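**Q** Would you be able to build a 3D model of this:
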Amino acid sequence: MNFRNFPMVSKVIFGRGSFDQLEEIISPKRRNSKAPFIFFVDDVFKGNTWLTSRIPLSYDDKLVFVSVAEEPKTDQIDQLVEEIILNFKELPSGIIGIGGGSVLDVAKAVAIMLTNDGEAKDYQGWDLVKNPAVYHVGIPTISGTGAEVSRTTILTGPKRKLGMNSDYTPFDQVVLDP
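**A** Okay, the predicted model is just below:
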């Protein structure tokens, strides 16, 4: 019998108030003050200081609001990766996605593309990703999508809607705060 053993999220924190432990969770992963954490946040939270004021920004960390009016696209991922490469001297210490399935998929795809050459469309398929992703954390704000535990990130490419499926796609850490 042939079988394949897939990796899953290695760390999950669950419980009321676990979001407030985010700084404690990511701080040991900070490589240095020039290697930022990039926080991709659903733009529905723009202006919501109850959430955004609790995001632990330090040094050159950046908060990026992501519109989910449309599903994530490969060219959107390429643009976000290019902006990170052009604006920072070092590879980010980590990528954090805060939102629903689309925002989590954006975070996973960006984390992958920061360490893999080419365009996002080149990695749509099964096990095409060759290099481990940047450390990445998923914080779902709605339930039901499964994006926080999936080895897939769904992107609409120039020809079709298809996932990046790899052992490097699952988040390194998930924060589940009801």
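**Q** contacts and neighbour counts: CA atoms only from here.
**A** Noted.
**Q** Now the residue minimising distance to the centre of the chain. Nearest residue, chain neighbours left out?
**A** In the chain, the centroid-proximal residue (C-alpha atoms, centre = their mean) is A107; its distance is 2.1 Å. Leaving aside its sequence neighbours, A107 sits nearest to G97 (C-alpha to C-alpha, 6 or more residues apart in numbering; 5.1 Å).
**Q** Run through the residues that contact that neighbour.
**A** 39-41, 103-104, 106-108, 136-140 (C-alpha atoms under 8 Å, 6 or more residues apart in numbering).
**Q** quick one: average confidence on the helix or strand that contains it?
**A** For G97, the host element (DSSP states H and E) is strand 94-99. Across strand 94-99, pLDDT averages out at 98.
**Q** Does anything pack onto the next helix or strand after it? Which helices or strands?
**A** The element immediately downstream of strand 94-99 (helix or strand, assigned by DSSP H and E) is helix 101-113. In this structure, helix 101-113 packs against strand 37-42, helix 74-87, strand 94-99, strand 136-140, strand 152-156, with contacts taken as 3 or more C-alpha pairs under 8 Å, 6 or more residues apart in numbering; DSSP states H and E.
**Q** Need these in CSV (columns: distance to K11).
**A** As requested, those are exported to CSV (distance: least, C-alpha to C-alpha, whole Å):
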stretch, distance to K11
strand 37-42, 18
helix 74-87, 25
strand 94-99, 14
strand 136-140, 10
strand 152-156, 18
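**Q** Thanks a lot, catch you later.
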